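A.B. asks: Kindly return the folded structure for what I paste below:
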Amino acid sequence: MIRRLIFLTLIQFSILFSQTHVAVVDFEGLGVSNDDTKALSNRLMIEMHRTNKFIVLEREMLDKIIEEQKFQLSGCNADQCLVELGAIANVQQIVGGSISKVGNVYSITARLISVESGKIIESALYDYEGNIGALMKTGMANVAAQLASIPASIEPSIGMERIPSKSSADSSPKNTEHGYPQTKPENKLDFKVFGLNFEQNENSVTVIGVEPNSPANKAGILVGDKIFKLNNEYAVTSSDLKKMITLFINSGKPFTIYYIRNGNSGVLPIRL
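C.D. replies: Got it, this is the predicted structure:
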């Protein structure tokens with residue numbers, strides 16, 4: 001009995017010390033009420049705790065630190081500001097992001113930032129068409145799983161027709177991630193066909209190579225371009241950019257790349 005208790009205690013300590021101390025800042029709401037934004041931010045705190053990957057700083061404690069240090073939290077969603085707050089709160093990582101609404105589509109973007117290095121460790125993207133209540137039930141859990149780098153249940157989002165199964169003739173609409181139709185696995189195009197190589201930088205992705213005669217080359221993308229946005233989605237990490245371009249090229253639909261070249265911003269329409 002004593003050995004069993006010791007064993008269980010050791011397991012609990014190993015889990016505790018493997019967890020990362022993190023703070024979650026209220027997300028920025030774009031077309032979403034302050035109350036809904038705050039409620040969803042609080043739900044993300046709970047969902048991150050439930051992953052067993054994080055020790056989340058309680059909201060009351062974070063608010064107390066902000067008040068004592070007279071930290072200006074309003075508009076604090078830039079990486080540098082979040083890092084400063086994380087240092088004051090004495091956490092290892094900090095989470096910031098936004099919840100936006102366009103039409104009936106809600107989009108959650110989040111990033112997990114190292115307080116020590118200031119670099120983005122993980123990012124999350126979740127789109128949903130429908131009632132905002134679904135974000136509370138499934139959306140924030142999905143975002144937490146992405147930030148924790150554990151398997152996430154990707155709920156349907158926007159713009160896809162369901163393919164009837166052999167056992168059902170149901171032809172009701174079904175949605176898919178980011179609003180672009182999924183392709184059959186055997187027909188799925190690899191990201192490499194776009195002909196773009198890049199590396200991660202702060203708040204953008206820098207192009208370091210463009211394959212001759214590739215779609216990227218024909219579109220006018222040049223080495224040194226800093227890509228920060230595709231259509232309405234910000235690509236803050238190389239993994240974001242790769243995932244988003246793959247979805248676009250497999251949809252067969254045109255998309256737009258936003259970039260900075262020699263200090264000037266530009267837009268490139270992409271047609272495959």
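A.B. asks: From here on, just use CA atoms for contacts and neighbour counts.
C.D. replies: Will do.
A.B. asks: Once you drop chain neighbours, what's closest to Ile132?
C.D. replies: Computed as C-alpha to C-alpha, 6 or more residues apart in numbering, the closest residue to Ile132 that is not its neighbour in sequence is Tyr106, at 7.3 Å.
A.B. asks: ok, so what distance separates that neighbour from Ala134?
C.D. replies: Noted for Tyr106: a distance of 10 Å to Ala134, by C-alpha to C-alpha, to the nearest Å.
A.B. asks: Cross-check the contact I'm expecting between Gly97 and Leu30.
C.D. replies: No - at 10.9 Å, Gly97 does not count as touching Leu30 under the criterion of C-alpha atoms under 8 Å.
A.B. asks: Looking at the two, which has the bigger crowd around it?
C.D. replies: Legend: neighbour count by other C-alpha atoms under 10 Å for Gly97 and Leu30, higher for Gly97 (23 against 15).
A.B. asks: wait, what's in contact with the more buried one?
C.D. replies: 27-28, 77, 108-111 (C-alpha atoms under 8 Å, 6 or more residues apart in numbering).
A.B. asks: Could you export stretch 68-88 as CSV, CA atoms only?
C.D. replies: C-alpha atoms of stretch 68-88 as CSV (Å, rounded to 0.1, in the frame of the first residue of the first chain):
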residue,chain,number,x,y,z
GLU,A,68,-0.1,46.5,-8.8
GLN,A,69,2.4,47.1,-11.6
LYS,A,70,0.1,49.7,-13.2
PHE,A,71,0.5,47.8,-16.5
GLN,A,72,-1.4,49.3,-19.4
LEU,A,73,-3.3,46.2,-20.7
SER,A,74,-5.6,48.1,-23.1
GLY,A,75,-4.5,47.3,-26.7
CYS,A,76,-1.8,44.9,-25.4
ASN,A,77,-1.9,42.2,-28.1
ALA,A,78,1.4,42.8,-29.8
ASP,A,79,4.1,40.2,-29.1
GLN,A,80,6.5,42.6,-27.3
CYS,A,81,3.7,43.9,-25.0
LEU,A,82,2.7,40.3,-24.2
VAL,A,83,6.3,39.3,-23.4
GLU,A,84,6.6,42.3,-21.0
LEU,A,85,3.5,41.3,-19.2
GLY,A,86,4.6,37.6,-19.1
ALA,A,87,7.9,38.7,-17.5
ILE,A,88,6.0,40.8,-14.9
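A.B. asks: quick check: domain ranges of the chain?
C.D. replies: Domain assignment of the chain by automatic domain parsing yields the ranges 14-147, 185-270.
A.B. asks: Is the residue nearest to Ile132 in a helix, a strand, or coil?
C.D. replies: When classified by DSSP: H, G, I helix; E, B strand; the rest coil, Tyr106 comes out as strand.
A.B. asks: quick one on the thing from earlier: could you tell me the least trusted of the domains of the chain?
C.D. replies: Comparing mean pLDDT across the domains of the chain, the lowest value falls on domain 185-270: a mean of 79.
A.B. asks: element containing Arg111, please.
C.D. replies: strand 105-114 (DSSP states H and E).
A.B. asks: contact partners of that strand?
C.D. replies: 79, 83, 92-101, 119-130, 132, 143, 147, 158.
A.B. asks: circling back to that earlier point, for the residue nearest to Ile132, name its beta-bridge partners.
C.D. replies: Lys101, Tyr128 (DSSP bridges).
A.B. asks: Also Phe255?
C.D. replies: In this entry, Phe255 is beta-bridged to Ile270, by DSSP bridges.
A.B. asks: That one: how many residues sit nearby?
C.D. replies: Neighbours of Phe255 using other C-alpha under 10 Å come to 17.
A.B. asks: related to what we said a few turns ago, would you mark the buried spots in the strand holding Arg111?
C.D. replies: Buried positions in strand 105-114, judged by neighbour count with 16 or more other C-alpha atoms under 10 Å: 105-114.
A.B. asks: same thing with stretch 80-95?
C.D. replies: Buried residues in stretch 80-95 (16+ other C-alpha under 10 Å): 82-86, 89, 91-95.
A.B. asks: Any chance of JSON lines for those residues, columns distance to Val210 and secondary structure?
C.D. replies: Shown next, in JSON lines, are these (distance: C-alpha to C-alpha, whole Å; DSSP: H, G, I helix; E, B strand; the rest coil):
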{"residue": "Leu82", "distance to Val210": "34", "secondary structure": "helix"}
{"residue": "Val83", "distance to Val210": "33", "secondary structure": "helix"}
{"residue": "Glu84", "distance to Val210": "37", "secondary structure": "helix"}
{"residue": "Leu85", "distance to Val210": "38", "secondary structure": "helix"}
{"residue": "Gly86", "distance to Val210": "38", "secondary structure": "helix"}
{"residue": "Ala89", "distance to Val210": "42", "secondary structure": "helix"}
{"residue": "Val91", "distance to Val210": "40", "secondary structure": "coil"}
{"residue": "Gln92", "distance to Val210": "37", "secondary structure": "coil"}
{"residue": "Gln93", "distance to Val210": "34", "secondary structure": "strand"}
{"residue": "Ile94", "distance to Val210": "34", "secondary structure": "strand"}
{"residue": "Val95", "distance to Val210": "33", "secondary structure": "strand"}
